[in-house]
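*Asks:* this one's sequence-less:
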(Lines give C-alpha, C1' and ligand atoms only; values in the text may rest on other atoms or scores of the structure.)
Protein backbone atom coordinates (compact mmCIF):
# COMPACT_ATOMS: atom_id res chain seq x y z
CA UNK A 1 0.00 0.00 0.00
CA UNK A 2 1.06 3.59 -0.58
CA UNK A 3 1.93 5.85 2.31
CA UNK A 4 0.93 9.45 1.73
CA UNK A 5 1.90 12.47 3.76
CA UNK A 6 0.54 15.98 3.52
CA UNK A 7 1.82 19.30 4.75
CA UNK A 8 0.54 21.27 6.53
CA UNK A 9 -1.87 19.12 8.50
CA UNK A 10 -3.93 22.20 9.29
CA UNK A 11 -3.79 25.94 8.90
CA UNK A 12 -5.79 29.04 9.66
CA UNK A 13 -5.49 31.70 6.98
CA UNK A 14 -6.76 35.18 6.29
CA UNK A 15 -9.02 35.83 3.36
CA UNK A 16 -7.27 36.98 0.24
CA UNK A 17 -4.12 34.99 0.94
CA UNK A 18 -2.93 31.75 -0.66
CA UNK A 19 -1.87 28.43 0.82
CA UNK A 20 0.15 25.69 -0.85
CA UNK A 21 -0.49 22.13 0.26
CA UNK A 22 2.15 19.48 -0.33
CA UNK A 23 1.53 15.80 -0.97
CA UNK A 24 4.32 13.24 -0.81
CA UNK A 25 3.95 9.56 -1.72
CA UNK A 26 6.39 6.83 -0.79
CA UNK A 27 6.23 5.24 -4.23
CA UNK A 28 6.05 6.39 -7.82
CA UNK A 29 2.54 6.80 -9.15
CA UNK A 30 1.30 8.03 -12.49
CA UNK A 31 -1.82 9.76 -11.26
CA UNK A 32 -2.50 11.82 -8.19
CA UNK A 33 -5.88 13.23 -7.28
CA UNK A 34 -6.85 16.22 -5.21
CA UNK A 35 -10.16 16.25 -3.34
CA UNK A 36 -12.00 18.79 -1.26
CA UNK A 37 -14.29 17.94 1.63
CA UNK A 38 -16.33 20.86 2.83
CA UNK A 39 -17.65 20.72 6.40
CA UNK A 40 -20.21 17.96 6.81
CA UNK A 41 -20.01 17.05 3.13
CA UNK A 42 -18.66 14.29 0.98
CA UNK A 43 -15.47 14.38 -1.06
CA UNK A 44 -15.42 16.27 -4.33
CA UNK A 45 -12.74 15.75 -6.93
CA UNK A 46 -10.87 18.96 -7.73
CA UNK A 47 -8.39 17.74 -10.32
CA UNK A 48 -6.21 14.92 -11.56
CA UNK A 49 -2.49 15.59 -11.67
CA UNK A 50 -0.31 13.60 -14.03
CA UNK A 51 3.42 14.04 -14.07
CA UNK A 52 4.63 15.91 -17.13
CA UNK A 53 1.28 17.30 -18.19
CA UNK A 54 -1.23 19.90 -17.15
CA UNK A 55 -3.67 18.94 -14.43
CA UNK A 56 -7.20 18.10 -15.49
CA UNK A 57 -9.80 20.07 -13.55
CA UNK A 58 -13.34 19.05 -12.75
CA UNK A 59 -16.33 21.23 -13.46
CA UNK A 60 -16.45 24.10 -11.01
CA UNK A 61 -12.71 24.18 -10.37
CA UNK A 62 -10.27 26.33 -12.32
CA UNK A 63 -6.52 26.51 -12.54
CA UNK A 64 -6.33 30.14 -11.48
CA UNK A 65 -7.99 29.29 -8.17
CA UNK A 66 -6.38 25.89 -7.60
CA UNK A 67 -3.04 25.72 -9.41
CA UNK A 68 -1.40 22.32 -9.18
CA UNK A 69 2.18 21.25 -9.70
CA UNK A 70 3.41 17.72 -10.32
CA UNK A 71 7.18 17.90 -10.70
CA UNK A 72 7.83 14.16 -10.30
CA UNK A 73 6.13 10.82 -9.73
CA UNK A 74 6.07 11.08 -5.93
CA UNK A 75 5.11 14.69 -5.23
CA UNK A 76 2.41 17.23 -5.95
CA UNK A 77 1.23 20.57 -4.63
CA UNK A 78 -2.16 22.20 -4.61
CA UNK A 79 -2.44 25.94 -4.04
CA UNK A 80 -5.65 27.49 -2.82
CA UNK A 81 -5.47 31.05 -4.11
CA UNK A 82 -7.14 34.25 -3.00
CA UNK A 83 -8.91 32.38 -0.24
CA UNK A 84 -12.37 33.13 1.09
CA UNK A 85 -14.23 31.54 4.03
CA UNK A 86 -15.99 29.26 1.51
CA UNK A 87 -12.63 27.57 0.91
CA UNK A 88 -12.59 26.28 4.48
CA UNK A 89 -12.41 22.53 3.92
CA UNK A 90 -10.28 19.45 4.27
CA UNK A 91 -8.08 18.98 1.22
CA UNK A 92 -6.93 15.45 0.50
CA UNK A 93 -4.57 13.99 -2.01
CA UNK A 94 -5.09 10.47 -3.21
CA UNK A 95 -3.32 7.89 -5.35
CA UNK A 96 -4.30 4.55 -6.84
CA UNK A 97 -2.37 1.51 -5.73
CA UNK A 98 1.13 1.02 -7.02
CA UNK A 99 0.04 -0.99 -9.98
CA UNK A 100 -2.32 1.78 -11.01
CA UNK A 101 -5.03 -0.84 -11.03
CA UNK A 102 -8.55 -0.39 -9.89
CA UNK A 103 -8.75 -2.23 -6.66
CA UNK A 104 -7.36 0.22 -4.13
CA UNK A 105 -7.00 3.94 -3.76
CA UNK A 106 -5.23 5.57 -0.86
CA UNK A 107 -5.69 8.93 0.77
CA UNK A 108 -3.41 11.25 2.60
CA UNK A 109 -4.33 12.39 6.11
CA UNK A 110 -5.74 15.65 4.76
CA UNK A 111 -5.09 19.33 5.32
CA UNK A 112 -7.70 21.12 7.41
CA UNK A 113 -7.96 24.67 6.16
CA UNK A 114 -9.87 27.40 7.97
CA UNK A 115 -10.21 30.77 6.27
CA UNK A 116 -11.17 33.73 8.43
CA UNK B 1 -21.93 10.91 -15.63
CA UNK B 2 -21.36 8.94 -12.51
CA UNK B 3 -23.76 9.15 -9.65
CA UNK B 4 -23.48 7.49 -6.26
CA UNK B 5 -26.45 7.50 -3.91
CA UNK B 6 -26.41 6.76 -0.22
CA UNK B 7 -29.93 7.19 1.07
CA UNK B 8 -29.22 6.78 4.78
CA UNK B 9 -27.80 9.96 6.32
CA UNK B 10 -27.56 8.22 9.68
CA UNK B 11 -27.82 4.69 11.03
CA UNK B 12 -27.82 3.21 14.51
CA UNK B 13 -26.85 -0.33 15.40
CA UNK B 14 -26.51 -2.21 18.65
CA UNK B 15 -23.04 -3.43 19.49
CA UNK B 16 -22.37 -6.99 18.24
CA UNK B 17 -25.19 -6.85 15.71
CA UNK B 18 -24.88 -6.62 11.95
CA UNK B 19 -25.74 -3.53 9.91
CA UNK B 20 -26.20 -2.85 6.21
CA UNK B 21 -25.30 0.48 4.66
CA UNK B 22 -26.96 1.10 1.31
CA UNK B 23 -25.33 2.33 -1.86
CA UNK B 24 -26.65 2.53 -5.39
CA UNK B 25 -24.82 3.79 -8.41
CA UNK B 26 -25.47 4.83 -11.94
CA UNK B 27 -23.12 4.24 -14.82
CA UNK B 28 -23.22 3.34 -18.46
CA UNK B 29 -19.75 1.79 -18.36
CA UNK B 30 -19.20 -1.94 -18.14
CA UNK B 31 -15.89 -1.63 -16.30
CA UNK B 32 -15.83 0.10 -12.95
CA UNK B 33 -14.85 -0.42 -9.35
CA UNK B 34 -16.86 0.08 -6.19
CA UNK B 35 -15.27 1.06 -2.90
CA UNK B 36 -16.23 1.66 0.68
CA UNK B 37 -14.30 3.97 2.97
CA UNK B 38 -14.58 4.70 6.66
CA UNK B 39 -13.92 8.21 7.94
CA UNK B 40 -13.67 8.52 11.72
CA UNK B 41 -13.78 11.87 13.45
CA UNK B 42 -10.04 12.24 12.90
CA UNK B 43 -10.79 12.79 9.22
CA UNK B 44 -8.62 10.10 7.66
CA UNK B 45 -10.08 8.02 4.86
CA UNK B 46 -9.71 4.33 5.62
CA UNK B 47 -10.14 1.92 2.73
CA UNK B 48 -12.43 -0.97 3.68
CA UNK B 49 -13.37 -3.04 0.68
CA UNK B 50 -13.40 -3.17 -3.11
CA UNK B 51 -15.65 -4.84 -5.69
CA UNK B 52 -14.86 -4.95 -9.38
CA UNK B 53 -17.70 -4.83 -11.85
CA UNK B 54 -16.60 -8.13 -13.36
CA UNK B 55 -16.18 -9.90 -10.04
CA UNK B 56 -18.82 -12.56 -9.64
CA UNK B 57 -18.20 -13.22 -5.99
CA UNK B 58 -19.11 -10.67 -3.34
CA UNK B 59 -16.02 -9.13 -1.77
CA UNK B 60 -15.26 -9.83 1.88
CA UNK B 61 -12.64 -8.35 4.20
CA UNK B 62 -12.88 -9.57 7.75
CA UNK B 63 -16.11 -8.23 9.25
CA UNK B 64 -16.89 -6.29 6.07
CA UNK B 65 -18.69 -7.72 3.09
CA UNK B 66 -20.05 -6.07 0.01
CA UNK B 67 -23.44 -7.21 -1.25
CA UNK B 68 -23.03 -6.58 -4.96
CA UNK B 69 -26.16 -6.74 -7.09
CA UNK B 70 -25.06 -5.65 -10.52
CA UNK B 71 -28.46 -5.69 -12.20
CA UNK B 72 -29.84 -3.45 -9.49
CA UNK B 73 -26.65 -1.34 -9.47
CA UNK B 74 -26.32 -1.65 -5.75
CA UNK B 75 -23.25 -2.22 -3.61
CA UNK B 76 -24.33 -2.39 0.00
CA UNK B 77 -21.79 -2.69 2.80
CA UNK B 78 -22.51 -5.22 5.52
CA UNK B 79 -20.67 -4.91 8.80
CA UNK B 80 -21.02 -7.95 11.02
CA UNK B 81 -20.59 -8.01 14.80
CA UNK B 82 -20.50 -4.22 15.12
CA UNK B 83 -18.01 -2.69 17.51
CA UNK B 84 -18.01 0.70 19.21
CA UNK B 85 -15.01 1.64 17.10
CA UNK B 86 -17.11 1.24 13.96
CA UNK B 87 -18.87 4.52 14.73
CA UNK B 88 -17.86 6.80 11.86
CA UNK B 89 -18.89 8.18 8.49
CA UNK B 90 -18.98 5.62 5.70
CA UNK B 91 -18.62 6.59 2.08
CA UNK B 92 -19.43 4.54 -0.98
CA UNK B 93 -17.42 5.41 -4.07
CA UNK B 94 -17.18 4.36 -7.68
CA UNK B 95 -14.24 4.57 -9.99
CA UNK B 96 -14.46 4.53 -13.77
CA UNK B 97 -11.17 4.78 -15.61
CA UNK B 98 -9.19 7.31 -13.65
CA UNK B 99 -11.34 9.24 -11.23
CA UNK B 100 -13.31 8.26 -8.17
CA UNK B 101 -16.62 9.79 -7.11
CA UNK B 102 -18.22 9.57 -3.71
CA UNK B 103 -21.69 9.29 -2.26
CA UNK B 104 -22.96 11.66 0.40
CA UNK B 105 -22.05 9.27 3.19
CA UNK B 106 -23.81 7.53 6.07
CA UNK B 107 -23.04 8.28 9.68
CA UNK B 108 -23.05 5.04 11.65
CA UNK B 109 -23.42 5.07 15.41
CA UNK B 110 -22.85 1.88 17.35
CA UNK B 111 -24.70 1.77 20.65
CA UNK B 112 -23.28 -0.13 23.64
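*Replies:* Structure received. What you see is a predicted model, and the numbers here were worked out from it, not measured in a lab.

*Asks:* for the rest of this, base every contact and every neighbour count on C-alpha atoms.
*Replies:* Fine.

*Asks:* residues touching residue 20, list them.
*Replies:* You didn't pick a chain, so chain A it is. Applying CA atoms under 8 Å, 6 or more residues apart in numbering or on different chains, we find residue A:20 in contact with A:77, A:78, A:79, A:80.

*Asks:* I was thinking of chain B, sorry if that wasn't clear
*Replies:* When contacts are counted by CA under 8 Å, 6+ apart, residue B:20 touches B:76, B:77, B:78, B:79.

*Asks:* turn those residues into TSV, including secondary structure and neighbour count.
*Replies:* Compiled in TSV, the contacts of residue B:20 are given as follows (DSSP: H, G, I helix; E, B strand; the rest coil; neighbours: other CA atoms under 10 Å in any protein chain shown):
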residue	secondary structure	neighbour count
B:76	strand	19
B:77	strand	25
B:78	strand	18
B:79	strand	20
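
*Asks:* name the element the spatially closest residue to residue A:75 that is not a sequence neighbour belongs to?
*Replies:* Residue nearest to residue A:75 in three dimensions, not counting chain neighbours: residue A:24, with 4.7 Å by CA to CA, 6 or more residues apart in numbering or on different chains. Applying DSSP states H and E as the criterion places residue A:24 in strand A:19-25.

*Asks:* surely residue A:77 and residue A:19 touch.
*Replies:* No. Shown here, residue A:77 and residue A:19 do not form a contact pair, counting by CA atoms under 8 Å, at 10.0 Å.

*Asks:* among the two, which residue is more densely surrounded?
*Replies:* Neighbours were counted for residue A:77 and for residue A:19 using other CA atoms under 10 Å in any protein chain shown; residue A:77 has more, 21 against 18.

*Asks:* what separates the closest residue to the more buried one other than its chain neighbours from residue A:95, distance-wise?
*Replies:* Using CA to CA, 6+ apart and skipping the chain neighbours, the partner closest in space to residue A:77 is residue A:22 (4.5 Å). Shown here: residue A:22 relative to residue A:95, a distance of 14 Å by CA to CA, to the nearest Å.

*Asks:* neighbouring strands - and their directions - for the longest strand anywhere in chain B?
*Replies:* Identified as the longest strand of chain B according to DSSP state E is strand B:88-96. Under the criterion DSSP bridges, strand B:88-96 sits next to strand B:33-39 (antiparallel), strand B:99-102 (antiparallel), strand B:106-111 (antiparallel) in its sheet.

*Asks:* how about residues contacting the last one?
*Replies:* Under the contact criterion CA under 8 Å, 6+ apart, strand B:106-111 has outside partners B:6-15, B:21, B:82-91.

*Asks:* which positions in that strand come out as buried?
*Replies:* Using 16 or more other CA atoms under 10 Å in any protein chain shown as the test for burial, strand B:106-111 gives B:106, B:107, B:108, B:109, B:110.

*Asks:* can you pull up the bridge partners for the residue lying closest to residue B:92 once chain neighbours are set aside?
*Replies:* Residue nearest to residue B:92 in three dimensions, not counting chain neighbours: residue B:36, with 4.6 Å by CA to CA, 6+ apart. Using DSSP bridges, the bridge partners assigned to residue B:36 are residue B:49, residue B:92.

*Asks:* over to residue A:7?
*Replies:* Taking DSSP bridges, one finds residue A:22 as the beta-bridge partners of residue A:7.

*Asks:* for the one 4 residues further on, same thing?
*Replies:* Beta-bridge partners recorded for residue A:11 (DSSP bridges): residue A:113.
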